[in-house]
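> Show me the folded form of this:
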Amino acid sequence: MDIAFKPYNLMGLTLKNRIVMAPMTRSRALDPGLVPSPSMATYYAQRAGAGLIISEGAQPSPEGQGYTSTPGLHSSEQIEGWRRVTDAVHAAGGRIFAQIMHTGRIGHPDNSSESIIPLGPSSVQPKGRIFTAQGMQDFVVPREMTEADIEKAIQDFATAARNAIEAGFDGVEIHGANGYLVHQFLSVNANQRTDAWGGSPENRARFAVRVAQAVADAIGPERTGIRLSPGASFNDIEDDPELLRTYLPLVEKLGSLGLAYLHVIEQAGRQLTQHLRDAWPTTFMLNPDTGMTTPTDHRALRLIKDGSTDLLSFGALFLANPDLPKRLALKGPYNTPDPASYFGGDDHGYLDYPTLDSEPAHGSQPATDSRPAQESRPEKSPASSATAPVTEPETRPSDRRPDQRSAAPVDSAASADSGRPARQAAPLWRRTLVAGAASAVANIALYGVGCLSGASMIMASPQPALIPWFAPAIASFLPLAILGVIVWLITRRRPAARRWFAWAGLAFAVISCASLLSAPDAATGISLAAMHLVAGLAWFITLDGGRKSAA
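As a prediction, the model looks like this:
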């Protein structure tokens, strides 16, 4: 069986496969109150075959709403509406996360029942237009957020996360991508602040880290994921041209919080993606860039097999194919997404896409997740099925990504082949003891070889028996065991530091080898150097070869 279809252990949550439904705005929440509709429950339950569903973005507050008919997570009625959704997904055997999306400056007063002026890091009007109840209109100049506004927004994310758990979601995804509020703080054009929230990459990343910390504190890091889109230009966003200067420290700081996953929308090339994967300590989720004309279909599953990612998210292809995992396993055929019904309207283009076991409603063809222009929005009323899509950076049609996760206990069979997080089943302290024991056995053998070779370290002693045979075992095992437990205690909260311990230990062993080779005779030098090198390699391997991983 292809590894993509095997179970996966996501921080103690068993996913049936590694296929993720990406969050996709569908604009079908009921007014008044922007409450998830019964049709939404059916829509997500139809796609419960995903290992994880990530819901469409839900605003954490009235100020966070940017578009018409998008659901919220800040009222009791909305919580009840979402509970119908999560109950339906869980009854169908699925897992679902809620994406929390504050759109920041991307909005319009006409889209708010309270005519709220959109908020942003700075008063910089984004270029472009947005659909409103009055038709397409230019974005407005946002109101620059005060310190109180920033703190309120952070707490709104945390409160929405608690509401999501109350509504039955298995976790939440923080939307830090596609030009919305978190991404606006990261950018160099939307954020022109000169205080502690702007300027340097560290200051611009501060809001994202604070939001992630607040959400993790509210519901637990194991229930918290975050989505980033380095290099994306959606919603008139400009990232620092030196992307790693902003995103690598950000990912390391977020990783130190022990979050469940990082979800990357690939926009700036595979090399940057690999840098971020290497820097991330837990589950890595990728929405790959396969080009505007190349479908994201079964061919992308190789990215799981070759280790480029742990989980793979699909957007428009999941929108049009409720049974996508089955179709991916069979390599098609795939239904063709209908852009005219993406946003708003009735159940046409929402609940009537056929499965392989039903009669075609929209037609099928071999592979058609061909990414329209990122995420589109209608030129006309959302209820019109004849609308023409307009670029809107929420997601590419092949990248619409909903949240899905469920709280089922982990079983050993499922977690045995669950990719990188499966290593969590063997904590660092336990692996250290095993490595120390293996190192001790190897060094006993090397000690014996040294004795047989007439090494002076043995023969020069007037009473060789005073150096017991188990001395090298103790000398090898105890330091590794003690240091391993110390490093385990340190890196439980700072996993990013583990690679430095790994490389420092290996470097020390190599330096020791070099000095020991100058011993009085070759047998002594080689024996002692080999013992040190074995201990150093055991230490390095125990710490995952210098790669930061969750232990």
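
> Buried residues, stretch 118-135. List them.
Buried residues in stretch 118-135, counted by 16 or more other C-beta atoms under 10 Å: 118-122, 124, 126, 128-132. (C-beta placed from N, C-alpha, C; glycine too.)

> Report the separation between the two terminal residues of it.
Length of stretch 118-135, first residue to last, C-alpha to C-alpha, to the nearest Å: 18 Å.

> mind checking which helix or strand residue 313 is in?
strand 311-314 (DSSP states H and E).

> who's in contact with that strand?
Strand 311-314 is touched from outside by 4, 8, 10, 15, 18-22, 51-52, 54, 261, 263, 283-288, 296, 300-301, 303-304, 324, 369, 398-399, 401, with contacts defined as C-beta atoms under 8 Å, 6 or more residues apart in numbering.

> Just the buried residues out of these, in PyMOL syntax.
Selection of buried members from the contacts of strand 311-314 for PyMOL, criterion 16+ other C-beta under 10 Å:
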select buried, resi 4+8+10+15+18+19+20+21+22+51+52+54+261+263+283+284+285+286+287+288+296+300+301+303+304+324+369+398+399+401
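
> So which of the contacts of strand 311-314 are in helices?
Among those, the members falling in helices are 303-304, 324 (criterion: DSSP state H).

> May I see the residues you listed organised as a markdown table, with pLDDT and distance to residue 225 added?
Shown next, in a markdown table, are these (pLDDT from 0 to 100; distance: C-beta to C-beta, whole Å):
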| residue | pLDDT | distance to residue 225 |
| --- | --- | --- |
| 303 | 96 | 18 |
| 304 | 97 | 17 |
| 324 | 98 | 20 |
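
> Please enumerate the helices of the stretch 201-350 of the chain.
For the stretch 201-350 of the chain, the helices defined by DSSP state H, counting those that start in this stretch occupy 201-219, 243-255, 270-279, 302-305, 316-320, 324-330.

> closest one to residue 231 among those helices?
helix 243-255 (5.6 Å; C-beta to C-beta).

> now residue 218, nearest residue through space, not along the chain?
Closest residue to residue 218 apart from its sequence neighbours, by C-beta to C-beta, 6 or more residues apart in numbering: residue 158 at 4.1 Å.

> Which positions within whichever strand or helix holds the one you found qualify as buried?
Element membership of residue 158, judged by DSSP H and E, is helix 147-166. Residues 150, 152-154, 156-161, 163-165 are the ones in helix 147-166 that count as buried (16+ other C-beta under 10 Å).

> Going by distance to residue 351, which of those residues wins?
residue 164 (23.4 Å).

> can you tell me which residues contact the closest one?
58, 73, 82, 98, 100, 171-172, 219.

> For residue 437, grab the count of nearby residues.
Residue 437 has 16 neighbours, counted by other C-beta atoms under 10 Å.

> Identify those among the contacts of strand 311-314 that sit within strands.
8, 10, 15, 19-21, 52, 54, 261, 263, 283-287 (DSSP state E).

> What is the nearest of the buried residues of stretch 118-135 to residue 317?
Nearest member of the buried residues of stretch 118-135 to residue 317, counting by C-beta to C-beta, is residue 131, at 24.2 Å.
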